[in-house]
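Q: give me coordinates for this.
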Amino acid sequence: MITGVDIGGTKCAVCKGDLKQGIVERHAFPTMDCKQTLMRIEEEIEAMGETDAIGISCGGPLDTKRGLILSPPNLPGWDEVPVIERFSKKFGVPVYLENDANACAMAEWRFGAGRGTEHMIFLTFGTGLGAGLILNGRLYNGANGMAGEAGHIRLAPFGPVGYGKEGSFEGFCSGGGLAQLGKTAAVRQLQMGKTVSFCSSFEELDLITAKKIGDCAKEGHEDAKKVFRLCGEMLGKGVSVLIDLFNPERIVIGSIYERCSELLIPSMEEVLKQECLSDALRVCSIVPAELGDSIGDYAALSVGMGE
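A: A predicted model of the protein is given here:
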């Protein structure tokens, strides 16, 4: 049996399972300061009994080779934390560390929508946009663990800001990016004296969220559907780069794409047909992630299984 540890900014979870049974036990608790959280994780691992390996999924930046958590923005005070050394000494088993996007890619590959593939890309498409690359049947990390930062690709000279870059893939295709696109569209309509389905006044501009736009689009409001069409077009541009570069057989997209794929697919597919090498596009299917809210647990478990 493998133990998985999912370390997040607001909550952590420790689970246990294997490839055949999936997750058989799980305990979650709020994230505290570094010392308290690590002690609680150790207590949960001990309470679950004997384990063959431990996998840790955590937001970056990380140094996976040295086993360090390097000051993630959502974990203040976690500065160069040697989690692999600490847990391997305490429990006497192999310990593996991976960033959450790569870990989620491994989870969907082993347990979800990527099962049975040799060449798969996972896109997070949530708060931000990151990618995990499964190439030739194994996770690809790159020279220093930075592979898969698709959100940093610039898709346009101007546009929403994501990953600190205007017009980036993350700027157009993330929760924050959709909110920025919606805000721009709302300002334009309100200035012309038109109504906006997802924002009734200038005072409400900062209350616009991807969910609010998505709900309005699903109710049939054209202004909200237009925001998603633009997002879908840019998703198509970004995905076409990945298809032409890596020639995957499947691209699995999580979070917002899972919930709103019907709003994104038509414009995305139109751009893919224009931009992609036809032979590469022909062999690649683009599908929603399958693991839903359980993906963090399966991600940590998958890290513990190694490659």
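
Q: for the protein, where's the lowest mean pLDDT among helices and strands?
A: When the helices and strands of the chain are scored by mean pLDDT, DSSP states H and E, strand 62-63 comes last with a mean of 89.

Q: which is the next helix or strand following it?
A: Using DSSP states H and E, the helix or strand that follows strand 62-63 in sequence is strand 68-70.

Q: can you list the weak-confidence ranges in the chain?
A: Applying pLDDT under 70 to the chain flags the ranges 307.

Q: for it, longest helix please?
A: helix 222-246 (DSSP state H).

Q: that helix: which residues count as buried?
A: Taking 16 or more other C-beta atoms under 10 Å as the neighbour-count basis, helix 222-246 is seen to contain the buried residues 223-240, 242-243, 246. For every residue, glycine as well, the C-beta is placed using N, CA and C.

Q: and for stretch 1-20?
A: Those would be 1-8, 12-17, for stretch 1-20 by 16+ other C-beta under 10 Å.

Q: quick one: distance of the longest helix of the chain to the chain centre.
A: If you compare the mean C-alpha spot of helix 222-246 with that of the full chain, they lie 16 Å apart, counting by C-alpha atoms, centre = their mean, to the nearest Å.

Q: tell me how far the following helix or strand past it is from the chain's mean position?
A: The element immediately downstream of helix 222-246 (helix or strand, assigned by DSSP H and E) is strand 250-253. Distance of strand 250-253 from the chain centroid (C-alpha atoms, centre = their mean) equals 12 Å.

Q: likewise stretch 29-36?
A: In terms of C-alpha atoms, centre = their mean, the centre of stretch 29-36 is set 23 Å apart from its chain centre.

Q: measure residue 121 to residue 158 for me?
A: As defined by C-beta to C-beta, to the nearest Å, residue 121 lies at a distance of 27 Å from residue 158.

Q: look at the two and report which has more neighbours.
A: When neighbours are counted by other C-beta atoms under 10 Å, residue 121 and residue 158 differ, and residue 121 comes out ahead with 30 against 7.

Q: what's the more buried one sitting at in phi/psi?
A: Torsion angles at residue 121 (phi, psi; degrees, to the nearest 10) stand at phi -120, psi 130.
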